[in-house]
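J.: sharing a model prediction with you, sequence too.
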Amino acid sequence: MTVGELARLFNDAIDIGCDLTVVPMAGWQRAMWYDETGLPFVPPSPNLPTLAALTVYPGTCLIEGTNLSEGRGTTKPFEYLGAPWIDADALAGALNGLALPGVRFRPVYFTPTFSKHQGARCKGVHVYVTDRDRFRPIETALHLIAAVRSMHPDAFAWLEPVRPGGHHFIDLLTGSDAVRTRIDAGAAIDEIVEGWQAGLRAFAPLRAAALIYPD
């Protein structure tokens with residue numbers, strides 16, 4: 001959804017009731033990627049410098065809720081993921097063995113200049129998108145987290161709440177503790193993904209009512 005469509009959705013679904021007018025864009029279609037619009041690319045963040053980073057970010061931002069480096073302080077933030085204690089070759093092999101749609105993983109070695117594991121040599125994977133229309137960023141990131149947790153159970157950790165009684169950061173990113181607790185319990189990622197399908201089906205008519213541009 002576009003920002004304007006989201007504004008329409010929030011205004012109606014949450015009953016905000018403001019006098020809202022959204023001016024439609026000309027020449028845009030929902031299937032377009034940004035590099036197909038003819039517009040200049042402006043990085044929305046210093047750590048999202050490319051369209052490739054933005055493509056994986058909806059999923060790999062979840063790495064921020066763990067003790068893995070999400071590639072901040074490298075030339076490929078959110079594409080390079082790892083930690084000093086990971087077996088890069090084994091992780092890449094395990095993830096490629098899942099044959100996830102639209103993505104491959106290659107072993108990488110990097111040293112972040114800031115943020116998590118600053119100055120330490122990290123080992124991990126480069127999330128390399130081969131078909132961005134088939135790529136499923138959130139499911140891919142969950143598979144990666146589950147694989148690292150399984151391969152390195154004594155080293156992997158979720159970031160703890162910053163204050164007593166607070167939320168784990170991963171819970172804030174995913175909306176509840178369900179993803180974290182189910183991964184900890186050994187649930188298959190496909191089962192976790194299936195668990196939110198009912199919510200998606202319920203959301204569909206709310207979304208449809210707010211759309212300005214056809215799918």
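T.: That came through, no problem. Residues are numbered from 1 along each chain as shown.
J.: closest to the centroid, which residue in this structure?
T.: In the chain, the residue lying closest to the centroid (Cα atoms, centre = their mean) is residue 59, at 1.3 Å.
J.: list the buried residues in the helix or strand containing that residue.
T.: Using DSSP states H and E, residue 59 maps to helix 51-60. Across helix 51-60, burial judged by 16 or more other Cβ atoms under 10 Å covers 52-57, 59-60. C-beta: built from backbone N, CA, C; applies to glycine.
J.: same check on stretch 6-24?
T.: Buried residues in stretch 6-24, defined by neighbour count with 16+ other Cβ under 10 Å: 7-9, 11.
J.: same question for stretch 154-169.
T.: 156, 158, 168-169.
J.: cool, and stretch 80-100?
T.: Applying 16+ other Cβ under 10 Å to stretch 80-100 flags 80-83, 85-86, 88, 91-92, 94-95, 100 as buried.
J.: do stretch 134-152 as well
T.: For stretch 134-152, by 16+ other Cβ under 10 Å, it's 135-149, 152.
J.: what about residue 199, which SS state?
T.: helix (DSSP: H, G, I helix; E, B strand; the rest coil).
J.: so for it, what's the pLDDT?
T.: Note on residue 199: pLDDT of 95.
J.: now it: how far from residue 117?
T.: 35 Å (Cβ to Cβ, to the nearest Å).
J.: which stretches in this structure count as strands?
T.: Ranges of strands in the chain, per DSSP state E, are 80-83, 103-110, 122-129.
J.: averaged pLDDT, stretch 146-158. What do you get?
T.: 98.
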